[in-house]
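>>> Kindly return the folded structure for what I paste below:
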Amino acid sequence: MKKIDGGVTAAKGFEAAGTAAGIKYKDRKDMAVIYSQVPCKAAGVFTSNVVKAAPVLWDKNVVEHSPYAQAVVINAGIANACTGAAGYDCCKKTAERAARRLDVSEDAVLVASTGVIGMQIPVEKITAGIEELARTKSEGREAGRMAAEAIMTTDTVSKEAAVQFEIDGKTVTVGGMCKGSGMIHPDMCTMLGFVTTDAAISKELLQEALREDVKDTFNMVSVDGDTSTNDTLLVLANGMAGNEEIASKDERYDRFVEALHMVNETLAKKMAGDGEGATALFETRVIHARTKEEARILSKSVICSSLTKAAIFGHDANWGRILCALGYSGVSFDPEKIELFFEGEDKRILIYKDGAAADYSEEEATKILSLPEVRVIVDMKTGDGEACAWGCDLTYDYVKINADYRS
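Next up is the predicted model:
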């Protein structure tokens, strides 16, 4: 299993493109396409928000009822959420035009949108953008990079990942891209994620692998506690690696799951570290909890704490806020038994033990909290459960960005 430089075009047979369609932004790319040269098995997980955007409803139908998928059309700037019948009609017209230009079935076209809620997408700009995307799509590293850049909203960097491994003597690749910086508190799973692979795998196992993996990757991320109306994570598998189809939970399935996890975790951490206004990636790892589920709850409670996030921004070793967040998580534990550590690069210091502050250096703690990646280790000392969650610090710029987001 090795990480490689790549994104959604890393796997065989996948093409992509990005373009400026002028949907909302005036000076940047805002539309992308992902296209497979052959039909794909498709899997997806979507927002748990009761208010679901039109593209989410469209994609759920395609994933659940279409025999295959072959293209994804994405726009940034306008979310196409809370747009009524006109919003769903926009999805249909997008799929119709893409199907015609890409020579695929209409029900093989997935759509995704991100941006401002409540605005209608100018359909004529979407269809014009599809014309340009169909004309310029290609294989190769640069095409994937262009697509990753085109789906950004308040993101400051594009987010891509890819890995390779072997099955049946065949090289298999899994690659992906995502966007997300604010309104990030996935629960499935304003995040959009797209993973492509040339592995041959059954639709049922592809869906199960994705559904289980998001529990420890995208669902363990939070920037601001807001679950978007548009959260969508799609996986397309075209089988062009040439391996025998993975149709049972054997060693080959385990290898695929490992690769999918590496891509999803890498993308999830990139998204957390690029939270709106963020200056640091904030990771909390809970070890020796009673169960894995309790470890998930505890670790996410810490990275969601606004007071703790503010302390990370101020490089303040205010460990009481961490204890507080653990205490209101809903998990029962003895605070006299647990231990807290701060960790950064090659340095780990004990902060709390036996119900009180440990003998640590405030100066050393501040140095760790000043790094671009800050880690808190919580040892519950009650079992074998372990989980990790990722967030970011809470800065002045978060408020500035969201105070005038629509403008």
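
>>> buried stuff in the top helix by length along the chain?
Counting by DSSP state H, the longest helix found in the chain is helix 251-273. Buried residues in helix 251-273, counted by 16 or more other C-beta atoms under 10 Å: 252-253, 255-257, 259-273. To be clear about C-beta, it is placed using only N, CA and C from the backbone, and glycine gets the same treatment.

>>> tell me what that helix is packed against?
Counting contacts by 3 or more C-beta pairs under 8 Å, 6 or more residues apart in numbering; DSSP states H and E, helix 251-273 packs against strand 159-167, strand 170-179, strand 192-197, helix 203-213, strand 281-289, strand 385-392.

>>> between the first one and strand 170-179, how big is the angle?
Translated: strand 159-167. Computed by axes from the mean of the first three to the mean of the last three C-alpha atoms, to 10 degrees, the angle separating strand 159-167 from strand 170-179 equals 160 degrees.

>>> List the buried residues for strand 159-167?
159-165, 167.

>>> try stretch 9-19
Going by neighbour count (16+ other C-beta under 10 Å), the buried part of stretch 9-19 is 9-19.

>>> In helices, which of those appear?
Among the buried residues of stretch 9-19, no member lies in helices (by DSSP H).

>>> Quick check: of these, which lies closest to Val235?
Distance to Val235, by C-beta to C-beta, is smallest for Ala11 among the buried residues of stretch 9-19, at 10.9 Å.

>>> which ones are touching that closest one?
Applying C-beta atoms under 8 Å, 6 or more residues apart in numbering to Ala11 gives the contacts 162, 173-175, 196-198, 238, 240-241.

>>> Mind checking which of the residues you listed are buried?
Neighbour-count burial (16+ other C-beta under 10 Å) is assigned, among the contacts of Ala11, to 162, 173-175, 196-198, 238, 240-241.

>>> which one of these sits closest to Thr382?
Looking across the buried ones among the contacts of Ala11 and measuring by C-beta to C-beta, the closest to Thr382 is Val174, at 35.3 Å.

>>> Would you confirm that that closest one contacts His261?
No - look at Val174 against His261 with C-beta atoms under 8 Å: they stay out of range, at 9.6 Å.

>>> So what does Ala200 have for phi and psi?
phi -90, psi 120 (degrees, to the nearest 10).

>>> Just the pLDDT for it.
Per-residue confidence (pLDDT) for Ala200: 98.

>>> try Ile368
Note on Ile368: pLDDT of 94.

>>> neighbours around it, how many?
Using other C-beta atoms under 10 Å, the number of residues around Ile368 comes to 22.

>>> TSV for the buried ones among the contacts of Ala11, including distance to Asp30?
Listed next are these as TSV, based on distance: C-beta to C-beta, whole Å:
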residue	distance to Asp30
Ala162	24
Thr173	28
Val174	27
Gly175	22
Thr196	21
Thr197	26
Asp198	28
Asn238	26
Met240	30
Ala241	32
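
>>> Closest to Val38 out of these?
Closest to Val38, out of all of the buried ones among the contacts of Ala11 and judged by C-beta to C-beta, is Asn238, at 5.2 Å.

>>> Hmm, the closest one is touching Gly13, no?
Yes - contact status for Asn238 versus Gly13: in contact at 5.1 Å, counting by C-beta under 8 Å.

>>> Quick check: neighbours shared by these two?
36-38, 198.

>>> I'd like these as TSV, with secondary structure appended.
TSV is the format used below for the shared contacts of Asn238 and Gly13 (DSSP: H, G, I helix; E, B strand; the rest coil):
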residue	secondary structure
Ser36	strand
Gln37	strand
Val38	strand
Asp198	coil
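
>>> I'd like to know which of these is nearest to Asn49.
Nearest member of the shared contacts of Asn238 and Gly13 to Asn49, counting by C-beta to C-beta, is Ser36, at 28.9 Å.

>>> hang on, the closest one packs against Gln70?
Yes - here Ser36 reaches Gln70: they are 5.2 Å apart, a contact under C-beta under 8 Å.

>>> Surely Ile303 touches Ala389?
Yes - using C-beta under 8 Å, Ile303 is in contact with Ala389, at 4.6 Å.

>>> what do the two both touch?
Residues touching both Ile303 and Ala389 (C-beta under 8 Å, 6+ apart): 222, 283-284.

>>> now the residues you listed as a markdown table including pLDDT, distance to Glu245 and neighbour count?
Formatted as a markdown table, the shared contacts of Ile303 and Ala389 follow (pLDDT from 0 to 100; distance: C-beta to C-beta, whole Å; neighbours: other C-beta atoms under 10 Å):
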| residue | pLDDT | distance to Glu245 | neighbour count |
| --- | --- | --- | --- |
| Ser222 | 81 | 36 | 25 |
| Glu283 | 95 | 37 | 23 |
| Thr284 | 97 | 39 | 28 |
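
>>> Worst mean pLDDT across the helices and strands of the chain, which element?
Within the chain, no helix or strand scores below helix 396-403, which has a mean of 78 by mean pLDDT, DSSP states H and E.

>>> Would you indicate which residues of that helix are buried?
For helix 396-403, the neighbour count (16+ other C-beta under 10 Å) marks 398, 402 as buried.

>>> for stretch 292-301, same thing?
Quick answer for stretch 292-301 (16+ other C-beta under 10 Å): 292, 294-301.

>>> Can you tell me the closest non-neighbouring residue to Asp107?
Ser66 (4.4 Å; C-beta to C-beta, 6 or more residues apart in numbering).

>>> Isn't that neighbour up against Ala42?
Yes - at 7.3 Å, Ser66 counts as touching Ala42 under the criterion of C-beta under 8 Å.

>>> Between these two, which is the more surrounded one?
Taking other C-beta under 10 Å, Ser66 and Ala42 do not tie; Ala42 has more neighbours (25 against 17).
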